[in-house]
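J.: Sequence and predicted structure, then a few things I'm wondering about:
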Amino acid sequence: METDNTYIDIPRFIYVVPQFAYLSGLSILSTISIERCVSVMWPIWYRCQCPRNTSAVTCALLWALSLLLSLLRGNACGLLYKGFDLFWCLTFHDIMAAWSIVLFVVLCGFSLILFVRIFCGSHRIPVTRLYVTIALTVLFFLFFGLPFGIYWLISEWVEHLYDGKICDFYHETFFLSCVNSCANPIIYFLVGSIRHRRFQRRTLKLLLQRAMQDTQEEEEGGEKGSSRNPEDVETV
């Protein structure tokens, strides 16, 4: 009786999920930084010429690309189906490593330009809830999400190229990555619930909308005014 060897090993498949989550999160943060930087540097062009669905289409493409790279690498490295191809495993790992480095450089560069333009520019730009949300999200990623990516890239290179292993910090960096993921909803909740330095109880949908608003607190015009302004939420 023949047995089918094409199966997915669930325990190994779990290793693909954090890689996909890390790569997609870094991609989305880099895209948000680019979009906000463009909106600050060229506000007229951004409001008049930028297509309305650019953010949604870009996010969908980045999610698809991150998922595709993670699945291809997982399959080549024997994390999905039974089998291992060293050449393609290293190739997809190098592709993901190069893509991660590019995204990290873009994230840091455009975030730095954005915040320098906001706080040190000749024309001061009001600090809105959206910029506070972006700043906190980027900081949490750098402190809690980035160590997982660094460890993952370095450990793979050392293991395959030098036939050795570095100190095992996988569980520690994985825990920090989970903290980063869990912190994002808390950031949205806190930023959306604080108004005039006081907490206010609102529905989850309204809190999320207010956390993504690109208007000053004095310009919100109350709860109803903020709920009628969906364009401010669409940018993220």
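T.: Perfect, thanks for sending it.
J.: Now do the same contact list for the closest residue to Val40 other than its chain neighbours.
T.: Closest residue to Val40 apart from its sequence neighbours, by CB to CB, 6 or more residues apart in numbering: Arg117 at 5.2 Å. Where C-beta positions appear, they are placed from N, C-alpha and C, glycine not excepted. Neighbour list for Arg117: Cys37, Val40, Met41, Ile125 [criterion: CB atoms under 8 Å, 6 or more residues apart in numbering].
J.: Now render those as a markdown table, adding distance to Cys108.
T.: Putting the contacts of Arg117 into a markdown table (distance: CB to CB, whole Å) gives the following:
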| residue | distance to Cys108 |
| --- | --- |
| Cys37 | 12 |
| Val40 | 17 |
| Met41 | 17 |
| Ile125 | 20 |
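J.: Of those residues - the most surrounded one?
T.: Using other CB atoms under 10 Å as the neighbour criterion, Cys37 leads the contacts of Arg117 with 20 neighbours.
J.: which helices and strands sit right next to the helix or strand where that residue lies?
T.: Element membership for Cys37 (DSSP states H and E) is helix 16-41. Contacts defined by 3 or more CB pairs under 8 Å, 6 or more residues apart in numbering; DSSP states H and E place helix 16-41 against helix 43-49, helix 54-76, helix 86-120, helix 129-140, helix 146-161, helix 170-193.
J.: just so I know, which of those lies nearest Leu23?
T.: Nearest of those to Leu23, taken as CB to CB: helix 54-76 at 4.3 Å.
J.: mind giving me the domain split of the protein?
T.: Split into domains by automatic domain parsing, the chain comes to 7-125, 126-217.
J.: In contact with the residue positioned nearest the centre of the chain, which residues are there?
T.: Using CA atoms, centre = their mean, the residue of the chain that lies closest to the mean C-alpha position is Gly25, 2.4 Å off. Residues in contact with Gly25 (CB under 8 Å, 6+ apart) are Phe141, Gly145, Asn180, Ser181.
J.: Quick check: it vs Ile44, distance?
T.: Here the criterion is CB to CB, to the nearest Å. By it, Gly25 lies 31 Å from Ile44.
J.: sorry, back to before: now pLDDT and distance to Cys77 too, for the contacts of Arg117, in TSV please.
T.: Shown next, in TSV, are those (pLDDT from 0 to 100; distance: CB to CB, whole Å):
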residue	pLDDT	distance to Cys77
Cys37	86	36
Val40	83	41
Met41	83	41
Ile125	72	45
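J.: of all those residues, which comes closest to Ala97?
T.: The closest of the contacts of Arg117 to Ala97 turns out to be Cys37 (CB to CB; 24.8 Å).
J.: quick one, what contacts the closest one?
T.: By CB under 8 Å, 6+ apart, the residues touching Cys37 are Phe110, Ser111, Ile113, Leu114, Arg117.
J.: Out of these, flag the one nearest to Glu172.
T.: Ser111 (25.6 Å).
J.: Of the contacts of Gly25 - the most surrounded one?
T.: Gly145 leads the contacts of Gly25 on contacts (other CB under 10 Å) with 25 neighbours.
J.: Give me the nearest residue to that residue, chain neighbours excluded.
T.: For Gly145, ignoring the flanking residues on the chain, the nearest one in space by CB to CB, 6+ apart is Asn180 at 3.9 Å.
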